[in-house]
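**Q** this one's sequence-less:
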């Protein structure tokens, strides 16, 4: 008999690490549960902090960006380890466009002269910080070439709302160079929005308020960004499509049909360069014009102004526009009973420089999982499903390795891949879980069986208590105390799960521990072994916890008789999202109605200060009412179908596992639409996508939500229909499965 | 027939400056309304920006603190002007304790040596900034003498909640010197709370985030506090009693019975000194220990730590403990019909240094009102009531001049004073109105008839629009658009109204324009004519607007047949306050219940980061339920009585004015209790008081509210009874008046 897992009802009680052998795992019979728990316990005993420390030391010993000698070295080293551990491994290479700097110049030319250093100095106590010859210079990849001289304008974080404020101040960036601070959006949004508003170049700097001396002591005495530290990073327009700009939708194999560089739509429209706060201060100090509005000032000891001018800046950038190899290292553990169903696990191995935290703190965990699984196989364990371990290359530049591999193997993946599990770094703290909500219940179960190294509570219990401690509202605390599963975030973008979930519709997870240590070494030369072993998970026990968490998840997914997808949590999340988009529409409506009224009543004339420019906002037409009914009907339908499937599964004496699994694998595919999202067809998932104007941050029900945010009311109505359709399809798939179960 | 004013119903419509002659003013017959409006219009044409500029230039030409030659000069000059304008004026002198520095020293002695400058440099473009010989040094008046060396601890704003956070961090200030930043409380709270926690000295500094380079460009290029600017100010324990520390409750006349200095309870318990941010930075930079918690960092370019140590500080202070004269200048315009009813109008004339903004921008307005009223008298106007104009001395040190005068004339004032109207500076912007809510409707009427200089709307309309623009909630905007009167703030402390309202129970108002310009020259040598004429109401048109506003109010109060108190707004405010204290109790209850639950569930152990100290909060007993019924019953009773009085007054053909006025004058007195507030008997008002731990900020229903805040549940129940009693007495007074009206 198949039983529903009952662990959930114990959630509010004491910590429960050890499995209760009397309870069946979801997707397992009672007998299989026992065997699985036993293998999993063996697994969790294997990951070794000392091993992971050594992997990190080796892999971060030299700079290892795409195309560098040490990147190639690391790929070969990882390949050798996989093979040493008995895995069937190979390297798969793609040829991708990867620009690197020929020349970079930022200088203030008026009202006085200052040339930006654009250089991160070596630090004596940090032994890898002086590998100057191999370090990539500080730059933003996929910026176009350019040479411009123009007045400077400070645009805060450079997101669309910031430009609305500039409009109110009467400040245009047309023909200007904008300077934006890092934060509040993925970096690639900043030059994109700047270009949309007519700017001719974009400078991005790390303000000390975000990750410098304001949150903590700077490196090397502390973990945070020193004055000359610079955040490198890609500015490719990934919300349009990630991966090689020259081969959208197909694998960038040696012979692939490529666009010309000039045809690629994901390069920036204007040149862009990142700088440090020591380089930014003279530029910002030279600005006059309106005072920075509320919330725009950072942590520099100056009065922030918006400009434009008198500061005038000369920015000149030239890049090598070369193809470079990316080397994905792929290892296979063949499955037994369901060998054509794949569980894929990935973390990238390339870095901007030495990259101890990003990505080696995640890569070392993946490697240690692979070693431990190899060990279990020697002891006789064979997973029911095929497990694929992937060490991706070229993530930093634009998810290159994972995207090209996913595109190259799209047909196979869509046929075979059940779940993709990602990580991309790790630290001390709390379990961070995000992914497809059909796996929310599953991840909660796993988290209940992993021990937090610091408190010896379960990772689940510690996370629950953390969330209670940070909840503002009584109802949120009530939910945290009574809902069986802790809510899981949805996936936006910013790491290698993107092609799997958003393009191919493969149920995905992204897991890590973080939250107790911060730091300001992201994408700088200081993200290295010295930093990680002084300021993060210094004894690698959270590395072990992540290996235990992900490894348990991989095994439990691979060994299950019936894939442990669960749909009532998913339906509950959909209801929440539907409520959110309804509320969003209402807020937009009320906001526009109120503002129009204020315009009619003369409010903006009444509050005007003649010493300051404050332009009234525009009169807008009141949003059309939207027909949310199809979405509400479909999400209710989904809830009923999910409940019926749960009941049928619980009642089933002998479920038709193979038939169910075939449908379950499709359950995420059904949530996609071949036409993709409006204006970005590569993104096919209708429930999750990175925001077009946020980059990293997810938008759930993206077609509907972004249409409302951008005030495209007709489009919103159309998108409601599309999302309702995929939800009805999901409900129908559940009903099919319920039928299969009841037929027994 | 007496009519209720109907202006209110037009509020939401277009601006209405000119009086509508068809509508009677509250307290006036239709005929008298016409005459009054005509005199008021004549009055409002008189105030001259050029005159006020000249008064400011003269009165701020040299430093004029208590006891200084130029303070005496200004008193004599004001006396001469009052007399020149035909007013019956005299100087009334009191002898008050006023300590001035003999020696001041702040030095960092570990881990390195640094001596604070404690000096504000002259600025070449600012002609009065170099009057070094006459400037008071930077210090806090009524600090005790002291010489201590101790570890330093940063305590944020130094309010009680900050010490709760320090407890959580495991940091004690016992035996330490604390450094607190200005802001978030009246300054005197900081050494008081520090001493309560065992600190041995207190340093207060001006962080650039509050009034330095963060909000704007610093002086002399801009209006804000330069690096060496220091905020002087009193730290006398005014929430216990203001005025001369040696003569509590009585006038500090030459022969008054005085306490010994050692007996005065309002001196600080520990030595305290204010410093600049340039002097503070080396001290703060030398601190280690825990990172400053969220919200504790200011705007200096350092990582803020709490300490204690390794910074060790030596602070040594010695003062002259002398008596000094304070010279109040009092001018009288005798009334006609109701000459024993007084309208008192005051603004202080003393300053910390040159004091152009504080107080001369208010004093110049008072003078121009007096000149204009003198002019009207020449044209034949005689007020029904006696008007008293008072230019107070010694406000800065502790409301000395106004408090001693009010105490010396307490019996007369309680018998005769109908209303006290205060100001204490002025700038560009929006009408700021605060006071007794029995005058809320009255002030709203006045504000509808004053023209805003910048928009030509009424001051009322502009304020309404400003408030709508800043309202977050739909219901707040609805109220702003539909309630006849804009809500008026209640009076806390910080200016000369304190003795009138809080000690004597005289209905009071405090009026000013502010809000468009900021600045960081408060209580520094840079608050002078140069600053004011470059960065504030540079053409003195808001000076004119305030003279028009206050002068209109003075005339309309002085000329009314029936004093224009109105009680439905007051009752409405009481209901709001009762709801607030009920909600406050509920919040305390829920907060303690939740925290106890978290302690029981082990939350603090679960979220503990072993790298940081975070001590669980204490388990507290759940608050007893309070009996709010007497308060609710009394406030309902008040509402009914207020409505009945309104109706009876509106219906009255020939109201018994003299009898009503006698009762109306008592209507604020009735709100006091001779026993005063718990632990501070000088404060007798039961509806308004400055917070014992806020200093400036008002606490309405203070006995009840502070008992709940400080978790004295038995006291809260007792205070509810006392407040309910004064409200019932107020209702009974209203019922008496209604009876008088109906008897006609």
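**A** That came in fine, so what should we check first? Please read these numbers as outputs of a predicted model, since none were measured by experiment.
**Q** Doesn't residue A:499 belong to a helix?
**A** Yes - secondary structure of residue A:499 (DSSP: H, G, I helix; E, B strand; the rest coil): part of a helix.
**Q** so how far is residue B:80 from it?
**A** Per C-beta to C-beta, to the nearest Å, residue A:499 is found 86 Å from residue B:80. Glycine gets a C-beta too; all of them are placed from N, C-alpha and C.
**Q** neighbour-wise, which of those two wins?
**A** residue A:499 (25 against 12; other C-beta atoms under 10 Å in any protein chain shown).
**Q** Could you check the pLDDT of the more buried one?
**A** Model confidence at residue A:499, given as pLDDT, is 98.
**Q** element containing residue A:342?
**A** Applying DSSP states H and E as the criterion places residue A:342 in strand A:338-348.
**Q** buried stuff in that strand?
**A** Across strand A:338-348, burial judged by 16 or more other C-beta atoms under 10 Å in any protein chain shown covers A:338, A:341, A:342, A:343, A:344, A:345, A:346, A:347, A:348.
**Q** Can you tell me the closest non-neighbouring residue to residue A:367?
**A** Computed as C-beta to C-beta, 6 or more residues apart in numbering or on different chains, the closest residue to residue A:367 that is not its neighbour in sequence is residue A:55, at 5.4 Å.
**Q** didn't that neighbour look like it was pressed against residue A:363?
**A** Yes - the criterion here is C-beta atoms under 8 Å, and residue A:55 meets it with residue A:363 at 7.3 Å.
**Q** Between those two, which has more neighbouring residues?
**A** When neighbours are counted by other C-beta under 10 Å, residue A:55 and residue A:363 differ, and residue A:363 comes out ahead with 30 against 24.
**Q** isn't the more buried one right next to residue A:350, touching?
**A** No - counting by C-beta under 8 Å, residue A:363 stays clear of residue A:350, with 9.5 Å between them.
**Q** Apart from its neighbours in sequence, what residue is nearest residue A:668?
**A** That would be residue A:507: by C-beta to C-beta, 6+ apart, it lies 4.1 Å from residue A:668.
**Q** what's the one you found in contact with, if anything?
**A** A:418, A:419, A:420, A:435, A:436, A:438, A:439, A:501, A:565, A:667, A:668 (C-beta atoms under 8 Å, 6 or more residues apart in numbering or on different chains).
**Q** Now do the helices in the stretch 351-500 of chain A.
**A** Under the criterion DSSP state H, counting those that start in this stretch, the stretch 351-500 of chain A contains helices at A:361-378, A:395-398, A:400-408, A:410-416, A:440-447, A:459-470, A:474-482, A:498.
**Q** which parts of the stretch 301-450 of chain A sit against chain B?
**A** Residues of the stretch 301-450 of chain A lying near chain B by C-beta under 8 Å from any C-beta of the partner chain: A:301, A:302, A:303, A:428, A:429.
**Q** Number of residues surrounding the first one?
**A** In other words, residue A:301. 18.
**Q** Include distance to residue B:235 when you put the helices of the stretch 351-500 of chain A into a markdown table, please.
**A** Shown next, in a markdown table, are the helices of the stretch 351-500 of chain A (distance: least, C-beta to C-beta, whole Å):
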| stretch | distance to residue B:235 |
| --- | --- |
| helix A:361-378 | 52 |
| helix A:395-398 | 56 |
| helix A:400-408 | 63 |
| helix A:410-416 | 72 |
| helix A:440-447 | 54 |
| helix A:459-470 | 37 |
| helix A:474-482 | 40 |
| helix A:498 | 59 |
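**Q** how about the ones you listed, which one is nearest residue A:49?
**A** Nearest to residue A:49 among the helices of the stretch 351-500 of chain A is helix A:361-378; the distance by C-beta to C-beta comes to 9.0 Å.
**Q** Compute the inter-axis angle for the closest one and strand A:338-348.
**A** Relative orientation of helix A:361-378 versus strand A:338-348 (axes from the mean of the first three to the mean of the last three C-alpha atoms, to 10 degrees): 150 degrees.
**Q** tell me what helix A:361-378 is packed against?
**A** With contacts taken as 3 or more C-beta pairs under 8 Å, 6 or more residues apart in numbering or on different chains; DSSP states H and E, helix A:361-378 sits against helix A:30-44, helix A:49-59, helix A:69-84, strand A:312-333, strand A:338-348, strand A:385-392, helix A:541-559.
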